[in-house]
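Q: please work out how this folds:
(2 chains)
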Amino acid sequence: MNDLLNQIQLVGEWLTSSAQWHGDDGIPHRLAEHLTYSGLSLLFATLIGLAFGLLVGHTGRGAFAVATVANLARAIPTFGLVVLVVTLAGLSTAPVLVALVALAVPPILINTFEGVRGVDPDARDAAKGMGMTGWEVLLKVEVPMALPLILLGLRVAAIQVVATATVAAYPGLGGLGRYIVDGLSRNDYQLVIGGSAVVVALALVVQAAFTALRRAVVSPGLRPAAAKS
Amino acid sequence: MRDGEPLIRWVWIGDHVGELAHYTGVHLRLGLLPVLFGLIISVPLGMLCHRYRWVYPPTLTAANVLYSIPSLALFMIFVRYTGLTERTVMIPLTLYTLSVLIPNVVDGLASVPDPVRQAATAMGFSAVRRVVQVELPIAVPVVVAGVRVAAVSSISLVAVGQLIGQGGLGYYITRGLQLDFPTPIITATVLIMLLALVTDALLVLTQRLLTPWARGKGAKA
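A: Okay, here's the model as predicted:
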């Protein structure tokens, strides 16, 4: 218990020292880098995952391919991929993005696909009976009904990306992982634990943001179903 | 990468077969023992959550919060208590598996049809025997689905543990970067993917063996 308080005190001292809040190695700059990597990769992954997930879920074609690709992608070790792309293509933002997108696509893709596929066929038929076109069925019926699962996929992807972006610091890129990697190599425990605390806080903020988003955008009629996920 | 360096030096792989096998073994231990521990924790906890529904939301929230802590950060927090040892990698990985395994155990138990439960009770099964012999076997497909996700992500996360010196095949990833030599990085990355996929296939096979009745109906596992 004493030790825990001790650690909290260490983190507190680190967070409140003014050096942490200025310059290239300050928290605002590292946080901005971290958010840039995470945000861009999440954006690309969402475009890819949503497009294919909606397409395959709506048409019902290619379900096996989607499951196989998503499974394969999940097995890729992100750490290996980041380091590999840096070794091959040199140090820049691109390697991190490639690896993080590969990490984030599977949960978005699978959840979108499962969400759309799981829509009650009666609701789909009713929409068609009302004269809706394929696009209208997709946008007005399938997407809103699949939204709880789609958001769950996005949340899992976002948290994994924010967490894994720390790894980018190892081959010499920025982001919040810098503190952890530098702290390790300098044997500076305060730096390690301080950096970890900031990353954990960011992950929790992302989690809370998605909970709020779900409350805001999921149709009230679907709430009981949404509460389960 | 240096000029003229081929993407893969096959000779290097040939020279390091023994060492690669050793690190593969370590990698499997670091990746799969946490899944086993996770299962040992999740099954009773999931049963508890299924029986007393009010336990479920707080348990799931706790598991999700743990899951949202980045692996690198969680490794660092544990270094203080367990040092630079294998335990420092395995404890966080075990905690991560809970966020997939607990909901799947609960959903699996919820998938048991009520008439089946009543039939077992009517045949005089005690509560414990009913769970062990009837409910858990029926829950197997849903539980295994969770184990597959947990095992695949655990195996690929082990490599990050190399930053505290315990990463199995991750050793070759950091080594390759230090030497500016892509062969070890590619070899390790491909081996890790293979381990994950072979493990996944073995789990599917295990599920088929554990649920012989599913085959009779021609149901897809």
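
Q: assign the residue most central in space within chain B to helix, strand or coil.
A: The centre of chain B sits closest to B:Ala151, judged by CA atoms, centre = their mean, with a distance of 2.4 Å. With DSSP: H, G, I helix; E, B strand; the rest coil as the basis, B:Ala151 sits in helix.

Q: report the contact partners of it.
A: Contact partners of B:Ala151, counting by CB atoms under 8 Å, 6 or more residues apart in numbering or on different chains, are B:31-32, B:35, B:196, B:199-200, B:203. Every C-beta, even on glycine, is put in place using the N, C-alpha and C of the backbone.

Q: in which helix or strand does residue 146 reside?
A: You didn't pick a chain, so chain A it is. helix A:143-164 (DSSP states H and E).

Q: that's the wrong chain, I wanted chain B
A: Going by DSSP H and E, B:Gly146 is in helix B:136-157.

Q: does A:Trp14 count as helix, strand or coil?
A: A:Trp14 ends up helix, using three-state DSSP.

Q: give me the number of residues near it?
A: 22 (other CB atoms under 10 Å in any protein chain shown).

Q: and the gap between the residue lying closest to it once chain neighbours are set aside and A:Ile48?
A: The spatial neighbour of A:Trp14 that comes closest, neighbours along the chain excluded (CB to CB, 6 or more residues apart in numbering or on different chains), is A:Gly194 at 3.5 Å. According to CB to CB, to the nearest Å, A:Gly194 and A:Ile48 sit 35 Å apart.

Q: looking at those two now, which is surrounded by more residues?
A: A:Gly194 (23 against 16).

Q: any idea of the mean pLDDT for the helix or strand encompassing that one?
A: Using DSSP H and E, the element containing A:Gly194 is helix A:189-217. Averaged across helix A:189-217, pLDDT comes to 87.

Q: got the angle between it and helix A:143-164?
A: 180 degrees (axes from the mean of the first three to the mean of the last three CA atoms, to 10 degrees).

Q: and helix A:189-217, what other elements does it pack with?
A: With contacts taken as 3 or more CB pairs under 8 Å, 6 or more residues apart in numbering or on different chains; DSSP states H and E, helix A:189-217 sits against helix A:2-16, helix A:27-59, helix A:143-164, helix A:177-185, helix B:56-67, helix B:71-82.

Q: for those helices, which one sits closest to B:Ala110?
A: helix B:56-67 (10.4 Å; CB to CB).

Q: relative to helix A:143-164, how tilted is the closest one?
A: Interaxial angle, helix B:56-67 versus helix A:143-164 (the same axes, to 10 degrees): 40 degrees.

Q: just give me how far helix B:56-67 sits from the chain centre.
A: A distance of 18 Å separates the centroid of the chain from that of helix B:56-67, by CA atoms, centre = their mean, to the nearest Å.

Q: what is it packed up against?
A: By 3+ CB pairs under 8 Å, 6+ apart, helix B:56-67 packs against helix A:189-217, helix B:17-51, helix B:86-110.

Q: what's the most buried one of these?
A: Across the helices and strands packed on helix B:56-67, averaging neighbours per residue (mean count of other CB atoms under 10 Å in any protein chain shown) puts helix B:86-110 on top, at a mean of 22.

Q: tell me which residues of the next helix or strand after it come out buried.
A: Counting by DSSP H and E, the next helix or strand C-terminal to helix B:86-110 is helix B:114-122. Residues of helix B:114-122 classed as buried by neighbour count (16 or more other CB atoms under 10 Å in any protein chain shown): B:117, B:120.

Q: over to stretch B:172-186?
A: B:172-174, B:176-177, B:181-186.

Q: with pLDDT added, can I get those residues in a markdown table?
A: Shown next, in a markdown table, are those (pLDDT from 0 to 100):
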| residue | pLDDT |
| --- | --- |
| B:Tyr172 | 93 |
| B:Ile173 | 92 |
| B:Thr174 | 90 |
| B:Gly176 | 90 |
| B:Leu177 | 87 |
| B:Phe181 | 88 |
| B:Pro182 | 89 |
| B:Thr183 | 91 |
| B:Pro184 | 92 |
| B:Ile185 | 92 |
| B:Ile186 | 92 |
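
Q: and those residues near chain A, which?
A: Among these, the ones lying near chain A by CB under 8 Å from any CB of the partner chain are B:173-174, B:176-177, B:181-182, B:185-186.

Q: among these, which pair sits farthest apart?
A: The widest separation within these (CB to CB) is 14.0 Å, between B:Thr174 and B:Ile186.

Q: re the thing from before, of all the helices and strands packed on helix A:189-217, which lies closest to A:Leu213?
A: helix A:143-164 (6.5 Å).

Q: which other helices and strands does that closest one contact?
A: Against helix A:143-164 (3+ CB pairs under 8 Å, 6+ apart) you get helix A:27-59, helix A:93-117, helix A:189-217, helix B:71-82.

Q: among the ones you listed, which comes closest to B:Ala120?
A: Nearest of the helices and strands packed on helix A:143-164 (CB to CB): helix A:93-117, 31.2 Å.

Q: quick one: is the closest one near chain B?
A: No: applying CB under 8 Å from any CB, one finds helix A:93-117 separated from chain B by no less than 9.2 Å.

Q: distance to A:Val167 added to the helices and strands packed on helix A:143-164, as a markdown table?
A: Formatted as a markdown table, the helices and strands packed on helix A:143-164 follow (distance: least, CB to CB, whole Å):
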| stretch | distance to A:Val167 |
| --- | --- |
| helix A:27-59 | 10 |
| helix A:93-117 | 8 |
| helix A:189-217 | 11 |
| helix B:71-82 | 7 |
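
Q: out of those helices, which is closest to B:Tyr23?
A: Using CB to CB, the helices and strands packed on helix A:143-164 put helix B:71-82 closest to B:Tyr23, at 18.4 Å.

Q: how about residue 206, what does it touch?
A: All of this refers to chain A. Per CB under 8 Å, 6+ apart, neighbours of A:Val206: A:155, A:158-159, A:162, B:68.

Q: wrong one, chain B
A: So B:Thr206 contacts B:Val144 (CB under 8 Å, 6+ apart).

Q: to the chain's geometric centre, what's the distance from the helix or strand encompassing it?
A: Assessed by DSSP H and E, B:Thr206 sits inside helix B:182-210. Mean-position distance between helix B:182-210 and its chain equals 12 Å (CA atoms, centre = their mean).

Q: what's the angle from it to helix B:136-157?
A: Using the same axes, to 10 degrees: helix B:182-210 against helix B:136-157 is 180 degrees.

Q: tell me the buried residues in helix B:182-210?
A: For helix B:182-210, a neighbour-count test (16+ other CB under 10 Å) marks B:182-193, B:195-197, B:199-200, B:203, B:207 as buried.

Q: any idea how far A:Gln190 lies from A:Asn6?
A: 11 Å.

Q: oops, could you answer that again for A:Ala216 instead?
A: 40 Å.

Q: try A:Asp182
A: For A:Asp182, the distance to A:Asn6 - CB to CB - is 22 Å.

Q: repeat that for B:Val132.
A: Relative to A:Asn6, and taking CB to CB, B:Val132 is found at 45 Å.

Q: list the contacts of B:Val116.
A: So B:Val116 contacts B:134, B:138 (CB under 8 Å, 6+ apart).
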